[in-house]
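In: Requesting a structural model of the entry that follows:
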Amino acid sequence: MKKALITGANKSIGFEAARQLLQRGYYVYLGSRDAQKGQQAVEQLHATGYPQVELLQLDVADKASVAAAREALGRKTDVLDVLINNAGISGGMPQPALTTSVSVIKEVYETNVFGVIEVTQAFIDLLQKSPEPRIVNVTSGLGSLTLHTDPSWKYYPVKGAAYAPSKAALNAYTIMLAYELRDTAFKVNAVDPGYTATDFNHHSGPGSVSDAAARLVRAATLGPDGPTSQFFSDDNAPETGISPW
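Out: Take a look at the predicted model:
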């Protein structure tokens, strides 16, 4: 049975991605900063017929928490097949470039960039023991520098000095990571789940959580001939599924 770790999986897209992987027969470690909320999510999945899921308390912005989670998981398994770096924060909107506090920008980066790096580096040894390891970094179309400079892009006016640059930085890290692992069985990709109706955006998005999660799961379950070092976005590139960086 393949094993997956999803950060920020106690609700919304992360929770649905866990459910979809469970449907595919994976064992899921449900990462949650809040242990109580995470356990409630696990119990909800158990109640709907999915026993192969358990909580892993994990605050990606806390180095000690990441280390403790790695130690805890190491006592349960010596291999991890999938890591979905899903946890993220927006930092609140609007975020004008001239007035957004550096402290807000740092806070967003702590979760959206440095948290991903901390988690990836902490769990990479378990992933390296998998015959087909997959890393999915959950990004946003707002992380595309190319699209942000295109006035015809539908989201061109949606700018933010903290969130969008954090996702651009995450995209860059994804490229660097994929390059470093290029001669291995790893598939490392960034996935934009699309503008989805969740509490992250006050349910303003038109997309469904189910469709968004399916995009993550698709990248997490790529076959050996699947692509790596790609920026998947059905929302911004409906014809090809590949977004410009």
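In: show me the contacts for the residue most central in space within the chain.
Out: Centroid-nearest residue in the chain: Asn86, 2.5 Å away (criterion: Cα atoms, centre = their mean). By Cβ atoms under 8 Å, 6 or more residues apart in numbering, the contact set of Asn86 is 6-9, 13-14, 17, 31, 136, 138, 216. To be clear about C-beta, it is placed using only N, CA and C from the backbone, and glycine gets the same treatment.
In: who's the closest residue to Val53 other than its chain neighbours bridged to?
Out: Computed as Cβ to Cβ, 6 or more residues apart in numbering, the closest residue to Val53 that is not its neighbour in sequence is Val28, at 4.4 Å. Note on Val28: beta-bridge partners Ala4, Val53, judged by DSSP bridges.
In: For Ala72, which non-adjacent residue is spatially closest?
Out: That would be Leu56: by Cβ to Cβ, 6+ apart, it lies 6.5 Å from Ala72.
In: Can you tell me the SS state at Ile135?
Out: Assigned with DSSP: H, G, I helix; E, B strand; the rest coil, Ile135 falls in the strand class.
In: ok, now Glu71?
Out: helix.
In: ok, how many other residues are close to it?
Out: Glu71 sits with 10 neighbouring residues when counted by other Cβ atoms under 10 Å.
In: measure it to Asp125 for me?
Out: 12 Å (Cβ to Cβ, to the nearest Å).
In: For the chain, just list every one of the strands.
Out: 3-6, 27-32, 53-57, 82-85, 134-138, 187-191, 231-232 (DSSP state E).
In: Any chance of CSV for the ones you listed, columns mean neighbour count?
Out: Formatted as CSV, these follow (neighbours: other Cβ atoms under 10 Å):
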stretch, mean neighbour count
strand 3-6, 26
strand 27-32, 26
strand 53-57, 20
strand 82-85, 28
strand 134-138, 27
strand 187-191, 27
strand 231-232, 24
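In: Put the alpha carbons of the top helix by length along the chain into PDB.
Out: The residue-count maximum for a helix in the chain (DSSP state H) belongs to helix 163-180. Extracted C-alpha coordinates of helix 163-180, given in PDB (Å, rounded to 0.1, in the frame of the first residue of the first chain):
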ATOM      1  CA  TYR A 163       0.900  36.000  -1.500                       C
ATOM      2  CA  ALA A 164       1.700  36.100  -5.200                       C
ATOM      3  CA  PRO A 165       5.400  36.500  -4.700                       C
ATOM      4  CA  SER A 166       5.400  33.700  -2.200                       C
ATOM      5  CA  LYS A 167       3.900  31.400  -4.800                       C
ATOM      6  CA  ALA A 168       6.400  32.600  -7.500                       C
ATOM      7  CA  ALA A 169       9.200  31.700  -5.000                       C
ATOM      8  CA  LEU A 170       7.600  28.300  -4.400                       C
ATOM      9  CA  ASN A 171       7.500  27.700  -8.200                       C
ATOM     10  CA  ALA A 172      11.200  28.600  -8.400                       C
ATOM     11  CA  TYR A 173      12.000  26.200  -5.600                       C
ATOM     12  CA  THR A 174      10.000  23.500  -7.400                       C
ATOM     13  CA  ILE A 175      12.200  23.900 -10.500                       C
ATOM     14  CA  MET A 176      15.400  23.700  -8.400                       C
ATOM     15  CA  LEU A 177      14.200  20.600  -6.600                       C
ATOM     16  CA  ALA A 178      13.100  18.900  -9.700                       C
ATOM     17  CA  TYR A 179      16.400  19.600 -11.400                       C
ATOM     18  CA  GLU A 180      18.300  18.200  -8.400                       C
END
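In: which parts of it are buried?
Out: 163-171, 173-174, 177-178 (16 or more other Cβ atoms under 10 Å).
In: quick one on the thing from earlier: disregarding residues adjacent in the polypeptide, which is nearest to the residue nearest to the centre of the chain?
Out: What sits nearest to Asn86 in space, not counting adjacent residues and going by Cβ to Cβ, 6+ apart, is Gly14, at 4.2 Å.
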